[in-house]
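Asker: sequence-free structure coming up:
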């Protein structure tokens, strides 16, 4: 396939430029590189292959090397860092980079207070229409001012103290998203002077990749290398690198959101009616503006935006610490003015911090359902991510020792969304005394059994199995969860009582307790005991996939359990299948097959299954269905938002029954996204990648179509619903 087939008609090739004067050749190359660089870095929509871009770039480099007097400040070659500065020079901002007021109240009170304040300052009563606002993300990065003269970037400066900042132009030129020269728009004049304010930041995936590279250097023994605590620190460190060659290796991004100095309208400068119009002009000049920016009306619009972004926060590819509200009408902004050097027309509404400082009081080791030993830092209570945190995972011995977390240390702890809190790093300059480095115990802290680390694994595991009460508790909770056998009302505290009192040592013991056994547990009311007995009885009627999943076999999740049940049809066939047969099952590889064989080869595990059956647990079984092709096998679906009639679990079950895989995130490999009401960033990502989107009606039609097709292929006649 030719390049033109892939990307359409290319611009004029470099070979055709040779007849032009050198200066014209260089200008033509710069224009082509600017255009395609903007498509690649800012719009993520390249029209030419990388090799073609690289060829033009090298051609321009060669011409500039031969004619250095013709190099211009806006040349794409000037992005490549290499110079080392002795220090940054100070830059005085012609228009101060002022801070804005911050609200930390709840979504409703913070937004309502700002709206009420604006209406009061404007003299509006309750009968006046709602005010138009622009709602934006509050990026967790480094504020930056970019000055353009005659459309060319001449200076980039940090915010500093608001009056003066540091000249970081050389480093900022290395950021691909920042135009070195503004794009011309037919009906939008380029001002002679334009200062655009925005945020330099680092995406999470770029941050993770950077830290991976740093760890590789550290493992290779390179001195002076370290990992970075968070994307903001990494971005700030890159911007303030004295060596722009190092800065160029740090993957930075940029979003524009404000205006500084600009040619006055009287001198041909731009005239905007609203803040939103100004942001659209930024985009046309070549600046990236966050897609999440919205125009909203009144306090209720601000509240809805705050709630939506709070829910989508953890799915964004970069860190934010809140949202920003701005009066949209620029005339009203001017009327509102400033107070104590803060604009009355804007406010930052922050989310709960995701990182905070606290102290390590102790390091304990927890034992999980599969026997995994996890070091956990016991912390002085700290409010982070919207909750009070007292424990944070250290993941495993290697991670704990790499971070060198010790008792008494001051640490940064992070909690994002529903993610388990973790210790990010230690503030070593605050370490006092000589606390010993953490080492993993070689015996289980709960039952005393040997703790072993299998070759090639990072985790230690207790070998005690169901003899270990910690594993016993987790095994019961796993078995009783909603997606497994489901014993409604059986929670952690009750399981703790059952196991600690010694009345439940294995899963079947739960079903033998009865009302009398439950009633004798502390603080168990008769009504509660009756409810648990009823729930246990109801759980006896289940399905084969739920039962297999509930057994807690290592590496066997819900999807694998469903594939096993579909392939073999009965539990006995699964338990007796050799590894070779297990490997024929979709979603089962050597690791899973070995885990299944290891589990069912243990006599005590087979005994548990036999006793559960004897207690009355049952499920429908049938003949193996391996020969029936599943119509959606190999396709991946992502569910987002609230569907009108189907719950998330129901939709997932319907899809998996047809062989589809249901994933949690959208990628280029996603086949369909099923979107309901209040679909968030996953829907945005699907549209960005061109992934087909279905609503519930579309999903039901797809399922009906593939079911009919499968039935027809198997020789089953489906009668039409009507004669018309």
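Answerer: Received it, and whenever you're ready, just let me know what you need. Keep in mind that this is a model prediction, so the values were computed, not measured.
Asker: use CA for all of it now, contacts and neighbours both
Answerer: OK.
Asker: next SSE downstream of the longest helix seen in the chain?
Answerer: In the chain, taking DSSP state H as the definition, the longest helix is helix 22-41. The helix or strand immediately downstream of helix 22-41 is helix 50-66, counting by DSSP states H and E.
Asker: other residues contacting that following helix?
Answerer: With contact meaning C-alpha atoms under 8 Å, 6 or more residues apart in numbering, helix 50-66 is reached by 14, 22, 26, 29, 30, 33, 36, 70, 71, 76, 77.
Asker: quick revisit: tell me the angle of the longest helix of the chain relative to helix 50-66?
Answerer: 140 degrees (axes from the mean of the first three to the mean of the last three C-alpha atoms, to 10 degrees).
Asker: same for helix 22-41, what does it pack against?
Answerer: When contacts are defined as 3 or more C-alpha pairs under 8 Å, 6 or more residues apart in numbering; DSSP states H and E, helix 22-41 sits against helix 50-66.
Asker: neighbouring contacts of the very next helix or strand once past the helix it packs on?
Answerer: Using DSSP H and E, the helix or strand that follows helix 50-66 in sequence is strand 90-92. Around strand 90-92, the neighbours that count as contacts under C-alpha under 8 Å, 6+ apart are 157, 163, 164, 165, 166, 167.
Asker: try it again with 10 Å
Answerer: 155-168 (C-alpha atoms under 10 Å, 6 or more residues apart in numbering).
Asker: of those, select the buried ones using a PyMOL command.
Answerer: Buried residues within these, by 16 or more other C-alpha atoms under 10 Å, are selected in PyMOL with:
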select buried, resi 155+156+157+158+159+160+164+165+166+167+168
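Asker: farthest-separated two in the contacts of strand 90-92?
Answerer: Using C-alpha to C-alpha, the contacts of strand 90-92 reach their maximum pairwise distance at 155 and 161, which is 17.5 Å.
Asker: now the stretch 201-350 of the chain, which segments are flagged as low pLDDT?
Answerer: 340 (pLDDT under 70).
Asker: looking at the contacts of strand 90-92, which are in helices?
Answerer: Among the contacts of strand 90-92, no member falls in helices (DSSP H).
Asker: now the contacts of strand 90-92 in CSV, with pLDDT?
Answerer: Shown next, in CSV, are these (pLDDT from 0 to 100):
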residue, pLDDT
155, 96
156, 95
157, 93
158, 91
159, 88
160, 85
161, 78
162, 84
163, 87
164, 88
165, 88
166, 90
167, 93
168, 93
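Asker: format the contacts of strand 90-92 as CSV; extra columns: distance to residue 112.
Answerer: Converted to CSV, the contacts of strand 90-92 look like this (distance: C-alpha to C-alpha, whole Å):
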residue, distance to residue 112
155, 39
156, 36
157, 35
158, 32
159, 30
160, 31
161, 30
162, 28
163, 31
164, 34
165, 34
166, 37
167, 39
168, 39
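Asker: and which of the contacts of strand 90-92 is nearest residue 345?
Answerer: Closest approach between those and residue 345, by C-alpha to C-alpha: residue 162, at 18.2 Å.
Asker: identify the residue nearest the closest one in space, chain neighbours excluded?
Answerer: Closest residue in space to residue 162, ignoring its immediate chain neighbours: residue 97 at 4.5 Å, by C-alpha to C-alpha, 6 or more residues apart in numbering.
Asker: pretty sure that neighbour contacts residue 145?
Answerer: Yes. With contact defined as C-alpha atoms under 10 Å, residue 97 reaches residue 145; the gap is 8.2 Å.
Asker: mutual contacts of the two, please.
Answerer: 158, 159, 165, 197, 258, 259, 260.
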